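Novice: Provided below are the primary sequence and the corresponding predicted coordinates.
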Amino acid sequence: MFPLPAEQPRCVEGPLAVKLNRFGIESSVERADVGDYYKALGINRDASAEEIRKAYKRLARKYHPDARPNDKDAAAKFKKIQRIYVTLRDPEKRARYDRRYAQASDGGRPSGSASP
């Protein structure tokens, strides 16, 4: 067996937490304050890739820390928008997010399961 690292996993706080597992591999953890990605970008769930890109660019310009040097929350909002865009621009990640979001809004039951 491989020896485990001596350090405990660490978690970096913020709008999107970064967690290192026991092997030191980084995995992003969505925090509850991120909410619905589509609402955050101001688009519909059936938005095209072009609509997603335009919404991202509009919000990225609005919340870029260089554009708002006196706004302390701008950097956090900008990072949140970046994370959302990374997820929604990739068809595989978007489908995975949509499945998880549908499952969470369905009370945590897998799709198609019968109610108790």
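Specialist: Sure, I can see it.

Novice: C-alpha only now, for contacts and for neighbours.
Specialist: Noted.

Novice: mind listing the strands in this structure by residue range?
Specialist: Secondary structure of the chain (DSSP state E): strands at 11-12, 16-20, 26-30.

Novice: these: lowest mean pLDDT?
Specialist: Per-segment mean pLDDT for those reaches its minimum on strand 26-30, at a mean of 41.

Novice: any idea how far the closest residue to residue 101 other than its chain neighbours is from residue 63?
Specialist: In space, and not counting its chain neighbours, residue 101 is closest to residue 36: 7.9 Å by Cα to Cα, 6 or more residues apart in numbering. For residue 36, the distance to residue 63 equals 18 Å [Cα to Cα, to the nearest Å].

Novice: the two: which is more packed in?
Specialist: residue 63 (20 against 15; other Cα atoms under 10 Å).

Novice: any idea which helix or strand in this protein has the lowest mean pLDDT?
Specialist: Every helix and strand of the chain was ranked by mean pLDDT, DSSP states H and E. The lowest is strand 26-30, at a mean of 41.

Novice: thought residue 64 was touching residue 76?
Specialist: No - in this structure, residue 64 is not within contact of residue 76 by Cα atoms under 8 Å, at 9.5 Å.

Novice: next up, the contacts around residue 49.
Specialist: Residue 49 makes contact with residue 89 under the criterion Cα atoms under 8 Å, 6 or more residues apart in numbering.

Novice: ok, it to residue 43 distance?
Specialist: Residue 49 is 11 Å from residue 43, by Cα to Cα.
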